[in-house]
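K.L.:
pasted the sequence and its predicted model underneath.
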Amino acid sequence: MADFVAAIDQGTTSTRAMIFDHAGREIGRHQLEHEQILPQAGWVEHNPVEIWERTVSVLVSVLNNTGLRPSDLAALGITNQRETALVWDRRTGRPFYNAIVWQDTRTDRIASALDRDGRGDVIRTKAGLPPATYFSAGKVQWILENIDGVREAAERGDALFGTADTWVLWNLTGGARGGVHVTDVTNASRTMLMNLETLDWDDELLSFFGIPRQMLPSIESSSVSEPYGVAFDSGPIRAEIPVTGILGDQQAAMVGQVCLSAGEAKNTYGTGNFLLLNTGEKIVRSGNGLLTTVCYRFGDAKPVYALEGSIAVTGSAIQWLRDQLGIISGAAQSEALARQVEDNGGVYFVPAFSGLFAPYWRSDARGAIVGLSRFNTNAHLARAALEAICYQSRDVVDAMEADSGVHLEVLKVDGGITANELCMQIQSDVLGVDVVKPVVAETTALGAAYAAGLGIGFWSDPEELRANWHEDRRWSPEWTDDQRAKGYAGWQKAVQRTLDWVDVE
């Protein structure tokens, strides 16, 4: 068997390819950003063709950079931004419209209507999700209703829907020349269309959105022994690489962090924050604003479920400081600027740019900076932005403990913001628990590689993965209980100021 496994990580702001060895060590990576298309307030889109071109480019580049041949890769895994919806022509491979990104809020009226007439409760019961702009189904409905010719193409079976994993896989395996139209259970569980118990598309849920069943990919396990398809049996690489793993990005991070036992949790810090708690084979219904989702399914084994708290804006708030306000020149500078002050100076920043996700689910909320006085500087705002990342995670942890009865003892963390030492210290202070980062911080790509490798026996079983996990850095709480309580009370007051800002019909 070949010595390495590759992963494609198709994310919200960039696409990367990474290669790992049997010990889970990174051998090489290449990454390219893609354009964030913002046609109007609340709309966020990506160009699907650009994403596919970036996918090819990063995979070719990482092979060239490492001096490896495609035959050195035992398998390929895919992980992806979830919920982002793409619809394309099966015959030509051309998208009917740009990808509508998970952050996009144009479907707020669709989501609100579902809750008004009781369909929202059905979605919560069957799909484990609240009706929200976040998920895929409303985005597909919008494309069917607003883009000429798509409804007719869908009825004919010529319009295909997929999340980013499906789009990448379809193109990898031939595209219009016979590409495989498949997704996995984790991505399917983010659409509002899959029944958590049957792990299949649900006809009643499809009827709520007017989505023809023939548009949808088949749903497979997250790790398979028989490949979904073979990548690049023609095209730029001219090699056959079996694709045997697919996981939505946050579920991939769970696998990469080896959170494979009930009660284990991780928090991924990216464009948004995503905190997941493994609940084992039990479907735990949330009464506190969390999502019930599929964590993974390996082969024919029973599916493993999770509770998830999804936070829309964390890392992207730092990008906003850089790109819109211009108070920092790069993400790394946010730490240096925030360190100029010892606390937030009474300033709280609630980055509800797309409303508030878990545990509030308030699409009427909008961003606010509160508590300002003439004393405050840009350093206080930078500090408040870092604290917002941590307080939003505290909201989710509290909800998770209420739903599951599991008290968090330690939080495993990963993602780009974990490089910010001050932010991770604040996170430990806000939660009152140790925060631990692994040696391989890019656990999303690693998890996709693990899923692919498990499928073909590159790793013999999930327990073998535990030996690959090594602690790199640990942060312990430094705040007193009084500091923690006072800071969080201020945050909760600030959140209330963001509500009822936008009128949602």
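P.N.:
It's in. Residues are numbered from 1 along each chain as shown.
K.L.:
for the rest of this, base every contact and every neighbour count on C-alpha atoms.
P.N.:
Fine.
K.L.:
could you pull out the helices for the stretch 351-500 of the chain?
P.N.:
Taking DSSP state H, counting those that start in this stretch as the test, the helices found in the stretch 351-500 of the chain are 378-404, 421-431, 443-455, 462-466, 481-498.
K.L.:
list the helices and strands the third one packs on?
P.N.:
Okay, so that is helix 443-455. strand 4-10, strand 14-20, strand 73-80, strand 241-248, helix 249-256 (3 or more CA pairs under 8 Å, 6 or more residues apart in numbering; DSSP states H and E).
K.L.:
quick one: contacts for residue 499?
P.N.:
By CA atoms under 8 Å, 6 or more residues apart in numbering, residue 499 lies in contact with 362, 364-366.
K.L.:
can I get the helices and strands packed on helix 443-455 in TSV including distance to residue 289, mean neighbour count and mean pLDDT?
P.N.:
Shown next, in TSV, are the helices and strands packed on helix 443-455 (distance: least, CA to CA, whole Å; neighbours: other CA atoms under 10 Å; pLDDT from 0 to 100):
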stretch	distance to residue 289	mean neighbour count	mean pLDDT
strand 4-10	27	29	96
strand 14-20	29	24	96
strand 73-80	24	28	96
strand 241-248	21	31	96
helix 249-256	18	30	94
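K.L.:
for residue 430, which of these is the nearest?
P.N.:
Proximity to residue 430 (CA to CA) singles out helix 249-256 among the helices and strands packed on helix 443-455, at 22.3 Å.
K.L.:
show me what that closest one is packed against.
P.N.:
Helix 249-256 packs on strand 73-80, strand 265-269, strand 273-280, strand 291-296, helix 443-455, going by 3+ CA pairs under 8 Å, 6+ apart.
K.L.:
run the chain-centre distance for stretch 82-90.
P.N.:
16 Å (CA atoms, centre = their mean, to the nearest Å).
K.L.:
just the terminal-to-terminal distance for that stretch.
P.N.:
Distance across stretch 82-90, first residue to last, is 21 Å (CA to CA, to the nearest Å).
K.L.:
how far away is residue 119 from residue 141?
P.N.:
Distance from residue 119 to residue 141, by CA to CA: 15 Å.
K.L.:
could you list everything the residue nearest to residue 55 when sequence neighbours are not counted pairs with in the sheet?
P.N.:
The shortest distance from residue 55 to any non-neighbouring residue, by CA to CA, 6 or more residues apart in numbering, is to residue 15 (6.3 Å). Counting by DSSP bridges, residue 15 is bridged to residue 10, residue 32.
K.L.:
need the contact list for residue 15.
P.N.:
8-9, 31-34, 51, 54-55, 58.
K.L.:
what about burial for those, which qualify?
P.N.:
By neighbour count, with 16 or more other CA atoms under 10 Å, the contacts of residue 15 hold 8-9, 31, 34, 51, 54-55, 58 as buried.
K.L.:
okay, those in JSON lines with distance to residue 259 next?
P.N.:
Listed next are these as JSON lines, based on distance: CA to CA, whole Å:
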{"residue": "8", "distance to residue 259": "21"}
{"residue": "9", "distance to residue 259": "19"}
{"residue": "31", "distance to residue 259": "26"}
{"residue": "34", "distance to residue 259": "30"}
{"residue": "51", "distance to residue 259": "30"}
{"residue": "54", "distance to residue 259": "30"}
{"residue": "55", "distance to residue 259": "28"}
{"residue": "58", "distance to residue 259": "28"}
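K.L.:
which one of those residues sits closest to residue 155?
P.N.:
Nearest to residue 155 among these, with distances taken as CA to CA, is residue 51, at 26.6 Å.
K.L.:
any idea how far the residue nearest to the closest one when sequence neighbours are not counted is from residue 91?
P.N.:
Ranked by CA to CA, 6+ apart and with sequence neighbours excluded, the top spatial neighbour of residue 51 is residue 34, at 6.9 Å. Distance of residue 34 to residue 91, given as CA to CA: 25 Å.
K.L.:
for residue 481, same thing?
P.N.:
61 Å.
K.L.:
again, but for residue 130
P.N.:
34 Å.
K.L.:
tell me which of these two has more neighbours.
P.N.:
residue 130 (23 against 14; other CA atoms under 10 Å).
K.L.:
just to revisit the earlier point, quickly check the buried ones among the contacts of residue 15 for the two that are furthest apart.
P.N.:
Farthest pair in these (CA to CA) is 8 and 34. Separation: 14.7 Å.
K.L.:
which parts of the stretch 101-250 of the chain are helices?
P.N.:
Using DSSP H, counting those that start in this stretch, helices in the stretch 101-250 of the chain cover 108-116, 119-127, 136-146, 150-156, 164-172, 185-188, 203-209, 249-256.
K.L.:
reformat the ones you listed as a markdown table; add distance to residue 291.
P.N.:
A markdown table is the format used below for the helices of the stretch 101-250 of the chain (distance: least, CA to CA, whole Å):
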| stretch | distance to residue 291 |
| --- | --- |
| helix 108-116 | 16 |
| helix 119-127 | 9 |
| helix 136-146 | 14 |
| helix 150-156 | 29 |
| helix 164-172 | 20 |
| helix 185-188 | 12 |
| helix 203-209 | 17 |
| helix 249-256 | 13 |
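K.L.:
surely residue 11 is in contact with residue 84?
P.N.:
No. At 10.1 Å, residue 11 and residue 84 do not qualify as touching, with contact defined as CA atoms under 8 Å.
K.L.:
between these two, which is the more surrounded one?
P.N.:
Higher neighbour count among residue 11 and residue 84: residue 84, with 29 against 21, using other CA under 10 Å.
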